[in-house]
Structures are given as C-alpha cells and as structure tokens.
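Trainee: need a structure here:
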Amino acid sequence: MDFTNIFEVDKWIQAYLILKLFDFITGFAKAGLAKNWRSDKLRKGILLVLLELIAIIFAGILDQLLSLNFLLITTKTLFVFKECLSIKENLEEVGIGLPKDITDAIETINPDKENKEE
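Mentor: As a prediction, the model looks like this:
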C-alpha cells in the first residue's frame with residue numbers, strides 16, 4: 001500500500017492553501033473595516049485550517065485503505081469550493097462585488113442557496 005500521494009502537494013492542495021490565505025486576508029479586511037477584531041475568532045480559524053488538513057489526510061488514508069480512489073479528491077475539491085464561498089462572502093461584506101458569472105458559478109456549489117431562495 002502506497003501512502004505517498006496522501007502528502008502530495010498537488011494543484012488542489014496548492015489552490016486550497018492559496019485560497020485559505022486569501023480568506024484570511026479578506027477576513028482581516030472585513031474585521032478591520034467593521035472594527036470588530038476578535039482574537040478568539042482568529043484562533044478558531046487557525047485551528048480549523050489544521051483540522052481541515054487533518055480531514056484531507058484522513059480522506060487520503062481511507063481512500064488508500066479501502067481502494068476507493070475518490071475520497072481524497074472529493075475532500076480537497078469541497079474544501080477549495082468552501083474557500084471560494086467564504087472569500088466571495090467576505091468581499092461582498094466589504095463592498096467589493098464580483099462579476100455575475102463568477103458569483104453564479106460560486107453559488108452553484110453553495111449549500112445554503114436553497115435556504116436563501118425560500
């Protein structure tokens with residue numbers, strides 16, 4: 001059993017890490033403009049990054065052990081899309097709108113979309 005691909009920094013992990021950085025930056029901007037700095041929220045965010053990385057590694061281990069070959073890429077993809085949603089929300093809250101094509105594409109993966117439409 002080869003576990004080397006679990007720790008491979010592929011394009012999905014690179015995208016996740018870059019988007020996570022952008023999420024932190026846009027989150028800082030949102031907090032700064034609202035004058036709502038909270039260190040507990042920052043600590044929680046850092047902890048969540050670590051837990052998300054553990055979830056990715058865990059999915060990779062399960063993928064290898066069970067020979068499923070879809071859990072790892074699915075988990076990485078979901079975390080990348082989650083970061084896109086968060087960045088979009090942060091930008092909107094500070095008054096920066098994204099082009100409609102981008103927001104439409106991001107909204108197709110928004111799990112809360114149905115709740116907002118009702």
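Trainee: in the protein, which residue is closest to the centre?
Mentor: With distances taken as CA atoms, centre = their mean, Glu83 lies nearest the centre of the chain, 2.8 Å away.
Trainee: Hmm, Leu17 and that one touching each other?
Mentor: No: here Glu83 lies out of contact with Leu17, judged by CB atoms under 8 Å, at a distance of 9.4 Å. The way it works is simple: take the backbone N, C-alpha and C, and place the C-beta from them, glycine included.
Trainee: does Leu48 belong to a helix or a strand, and which?
Mentor: When elements are assigned from DSSP states H and E, Leu48 belongs to helix 39-66.
Trainee: And the average pLDDT for that helix is what?
Mentor: Along helix 39-66, the predicted local confidence has a mean pLDDT of 91.
Trainee: Break down the chain into its helices, ranges please.
Mentor: Using DSSP state H, the helices assigned to the chain run over residues 11-34, 39-66, 71-93, 100-107, 113-117.
Trainee: buried set for the third one?
Mentor: Read that as helix 71-93. Buried positions in helix 71-93, judged by neighbour count with 16 or more other CB atoms under 10 Å: 71-72, 75-76, 78-88, 90-91.
Trainee: same check, this time on the second one
Mentor: Within helix 39-66, the residues that qualify as buried are 49, 52, 56, 59-60, 63-64, counting by 16+ other CB under 10 Å.
Trainee: And for the first one?
Mentor: When neighbours are counted by 16+ other CB under 10 Å, the buried residues of helix 11-34 are found to be 12-13, 15-16, 19-20, 22-24, 26-27, 30-31.
Trainee: before we move on, back to that, same for the helix holding Leu48, what does it pack against?
Mentor: If you count contacts as 3 or more CB pairs under 8 Å, 6 or more residues apart in numbering; DSSP states H and E, helix 39-66 packs onto helix 11-34, helix 71-93.
Trainee: which stretch among those comes nearest Thr4?
Mentor: Proximity to Thr4 (CB to CB) singles out helix 71-93 among those, at 12.4 Å.
Trainee: So what touches the closest one?
Mentor: Helix 71-93 has contacts (CB atoms under 8 Å, 6 or more residues apart in numbering) with 5-6, 10, 12-13, 15-16, 19-20, 22-23, 26-27, 29-30, 52, 55-56, 59-60, 62-63, 97-98, 102-103, 106, 109-110.
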